[in-house]
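Enquirer: Make a model of this:
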Amino acid sequence: MNTILLQPTDVLFFRDGRPMTGSLAGHGAAWPLPNVINAAFHAALHRAQLDADGSQKLHTHRRGARGVYAEDAQRDRKFGSLITAGPFPVKDGRTWFFPRPQDLQNATLQPALLPADSFDSVQSSLPDPLEYAVANRLPPSKESGAKGWLAQAAYERYMDGSGPALNDDESLNDADFADTEYSIGIGIDPERQVQDGERFYSAHYLRLRPAWQLGVCAAAEDKACNRQQHGKDLIKALLNGGQHQIIVGGQQRICSARLADMAPPLPRGKADRFHEHDGRFLVKWILLSPAVWPAIEADSSRNISAHPGGWLPNWIHPQTGEVLLKAGDTARHEQDSRGAWRQRVRQQANISAKLVAAIVPKPLVITGWALPDEAAGEQGGAQSTHLAVPAGAVYYFEAGSADEARKLAAALNWHGSESNPTTIKNRRSTLLGEKGFGLGVCGTWHFFPDVPGRSGN
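Expert: As a prediction, this is how the structure comes out:
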């Protein structure tokens with residue numbers, strides 16, 4: 001994958017689904033969600049008109065999904081191979097920061113929240129399939145010393161459980177690299193594209209501090225295109241070895257995009273040597289980006305069971321907590337037909353592990369708006385609203401053996417089992433995975449031996 005740095009030339013505007021009328025400002029200064037950056041690159045590829053001269057053809061596909069297409073569907077969709085990850089705050093083009101894991105509650109890399117092994121789940125209100133409550137080993141406090149972002153090096157030390165301690169410049173809050181600016185605007189007449197002179201609104205804008213950029217990983221391998229200089233890589237063709245201006249977010253705000261000569265700088269997860277407790281091997285999975293797990297209705301004709309989704313991954317059995325992911329090679333190879341690939345995966349055994357505890361913050365609301373497409377007969381309008389589990393959520397697993405723990409880590413780490421990855425192997429979000437949702441890394445964990453659990457008790 002290509003590593004790209006986006007340098008804003010002005011303030012940025014990332015509006016969510018909340019209204020912008022009266023005193024409501026729309027919260028446009030929030031850190032952008034992964035789907036916003038994916039849409040920016042998708043639009044930039046269209047604007048670049050890489051096949052305009054006719055010398056190169058791009059692969060096209062039909063509208064629809066999962067084998068459901070309109071009778072007269074034409075192959076007019078482009079750039080279906082685009083996948084992205086990010087954005088993440090980057091300082092001076094070198095130091096990447098990632099959302100803080102939710103089990104860190106102070107200014108150290110030692111988890112303050114741990115599952116309690118002597119907890120009686122039968123007498124609790126824990127939802128299925130959780131077995132252990134997560135207890136805090138720190139004294140009660142109204143304030144948390146933990147900041148919102150961790151540098152890559154500190155993040156990897158946290159997952160490995162090793163020192164040294166957290167340095168002052170390895171953690172930061174939003175206010176350390178970005179400011180919120182406020183502005184009053186006038187409504188625009190959609191037909192004449194001029195100010196209507198009637199509506200006013202207030203808005204928040206995001207301004208990055210000097211030396212800060214948005215870091216993104218992106219790839220778009222087009223199987224029908226093969227350029228002499230860039231091969232099948234449409235991202236390199238878009239940037240053409242230099243800088244390129246990309247519209248990011250709303251109100252036509254511009255960022256300068258340039259390639260960085262580095263492999264994906266996401267933190268690497270733990271792949272082996274997990275802690276053992278009474279014959280069980282303890283693996284935890286931390287989200288680097290949000291994940292969307294929708295509710296699934298039962299369908300007996302397709303052998304599909306109902307699943308509540310929400311905070312619970314769709315690849316976890318909702319009653320038993322068993323992991324439903326397959327062990328081994330589940331990738332579809334170029335020579336595999338879709339039917340043969342699915343049959344091969346079905347025959348593989350499930351990973352012997354189960355979910356036993358979790359720390360899940362309040363959900364993020366994912367919204368969007370589609371523009372009308374008269375040529376395709378699409379009216380546009382509001383897209384489906386999803387509730388996403390935020391980055392930093394922690395899921396605790398018990399594996400049946402050291403080998404099963406390694407298999408689980410290979411299935412959950414964004415880089416699989418590779419130590420020097422060049423691309424993203426796993427995106428464990430049921431929806432929007434190609435847009436950078438569902439990236440995670442694995443670590444290990446200990447039980448909290450004392451249920452009262454406060455220091456000094």
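Enquirer: count of neighbours near residue 189?
Expert: Around residue 189 there are 12 other residues, counting by other CB atoms under 10 Å. Glycine gets a C-beta too; all of them are placed from N, C-alpha and C.
Enquirer: Just confirm it contacts residue 199, I think it does.
Expert: No - if you go by CB atoms under 8 Å, residue 189 and residue 199 don't touch, sitting 9.6 Å apart.
Enquirer: Tell me how this protein divides into domains.
Expert: 2-98+173-260, 275-444 (automatic domain parsing).
Enquirer: and of those domains, who's closest to residue 127?
Expert: Residue 127 lies closest to domain 275-444 among the domains of the chain, at 7.9 Å (CB to CB).
Enquirer: Might you calculate how far that closest one sits from the centre of the chain?
Expert: Its chain's C-alpha centre and that of domain 275-444 lie 11 Å apart, by CA atoms, centre = their mean, to the nearest Å.
Enquirer: Okay, the nearest residue to residue 104 once chain neighbours are set aside and residue 138: tell me how far apart.
Expert: Leaving out its chain neighbours, the residue that sits closest to residue 104 by CB to CB, 6 or more residues apart in numbering is residue 146, at 4.9 Å. Separation of residue 146 from residue 138 (CB to CB, to the nearest Å) stands at 10 Å.
Enquirer: More neighbours: which of those two?
Expert: Using other CB under 10 Å, the more surrounded residue of residue 146 and residue 138 is residue 146, with 19 against 15.
Enquirer: pretty sure that one contacts residue 106?
Expert: Yes - using CB under 8 Å as the test, residue 146 is close enough to residue 106 to be in contact (5.7 Å).
Enquirer: Check which helices and strands the longest helix seen in the chain is in contact with.
Expert: The helix that spans the most residues within the chain, counting by DSSP state H, is helix 34-48. Helices and strands touching helix 34-48, by 3 or more CB pairs under 8 Å, 6 or more residues apart in numbering; DSSP states H and E, are strand 83-91, strand 212-219, helix 234-239, strand 244-247.
Enquirer: between the ones you listed, which one is nearest to residue 397?
Expert: strand 83-91 (23.2 Å).
Enquirer: Okay, angle between the very next helix or strand once past that closest one and strand 83-91 too, please.
Expert: Proceeding N to C from strand 83-91, the next assigned helix or strand is strand 95-99, under DSSP states H and E. Orientation check (axes from the mean of the first three to the mean of the last three CA atoms, to 10 degrees): strand 95-99 against strand 83-91 gives 110 degrees.
Enquirer: what about strand 95-99, distance to the chain center?
Expert: 14 Å.
Enquirer: counting contacts, what elements does it pack onto?
Expert: Using 3+ CB pairs under 8 Å, 6+ apart: strand 95-99 touches strand 83-91, strand 149-151, helix 152-160.
Enquirer: relative to strand 83-91, how tilted is the last one?
Expert: Relative orientation of helix 152-160 with respect to strand 83-91: 110 degrees, computed using the same axes, to 10 degrees.
Enquirer: Identify the contacts common to residue 189 and residue 199.
Expert: Common neighbours of residue 189 and residue 199, using CB atoms under 8 Å, 6 or more residues apart in numbering, do not exist here.
Enquirer: if we can go back for a sec, average pLDDT across the longest helix of the chain?
Expert: The average pLDDT within helix 34-48 is 89.
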